[in-house]
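Q: Quick one: sequence and predicted model below, then my questions.
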Amino acid sequence: MQFVKHIANKRIVSLTPLIDVVFILLIFFMLVSQYSRWSHIDVSTPAPSTNQQNQLNGTLLLRISETGNLDVAGTPTNLNGLVSVINLSLSENPDQVVLVKPAEKLPIQELITILDLLKQTGITNFSIIR
């Protein structure tokens with residue numbers, strides 16, 4: 001019995017052009033896609049201490065409402081008033097602690113603006129609380 005090969009009737013599909021097209025598409029999507037740059041803020045948490053109550057004496061409580069209104073120690077103020085209150089408290093106590101309490105739905109950019117302002121005025125010890 002003799003088997004005859006009928007290769008001439010079958011069409012062979014070459015995968016080489018398909019692989020080339022896939023690599024071209026891969027390169028295209030890699031070049032066109034936008035990579036987002038993530039930035040972060042370093043937050044250091046203090047070590048637990050036994051005399052936390054003594055550390056809270058003389059702290060300033062800064063509340064930020066959802067609309068961006070500021071309240072320092074129960075007194076409504078604006079950004080300029082905040083700077084003057086902080087400068088006054090820094091002249092009395094160079095290690096002034098500020099507790100920042102933002103509203104739940106406050107846009108993060110407004111919180112970052114306030115934190116930058118605190119840093120620019122010389123406050124090095126501030127915490128964000130709930």
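A: On my side now, so go ahead.

Q: Name the SS class of residue 76, please.
A: Classification of residue 76 by DSSP: H, G, I helix; E, B strand; the rest coil places it in strand.

Q: Tell me the spacing between the residue lying closest to it once chain neighbours are set aside and residue 117.
A: Sequence neighbours aside, residue 69 is the residue nearest to residue 76 in space, at 6.5 Å (criterion: C-beta to C-beta, 6 or more residues apart in numbering). Where you see a C-beta, it was placed from the backbone N, CA and C, and this is true even at glycine. For residue 69, the distance to residue 117 (C-beta to C-beta, to the nearest Å) stands at 15 Å.

Q: mind checking the backbone torsions on the residue nearest to residue 76?
A: phi -70, psi 140 (degrees, to the nearest 10).

Q: how far away is it from residue 86?
A: Here residue 69 is placed at a distance of 17 Å from residue 86 (C-beta to C-beta).

Q: And the pLDDT at residue 42?
A: pLDDT for residue 42: 64.

Q: Equivalent analysis for residue 35, please.
A: 68.

Q: for the protein, longest helix please?
A: helix 16-32 (DSSP state H).
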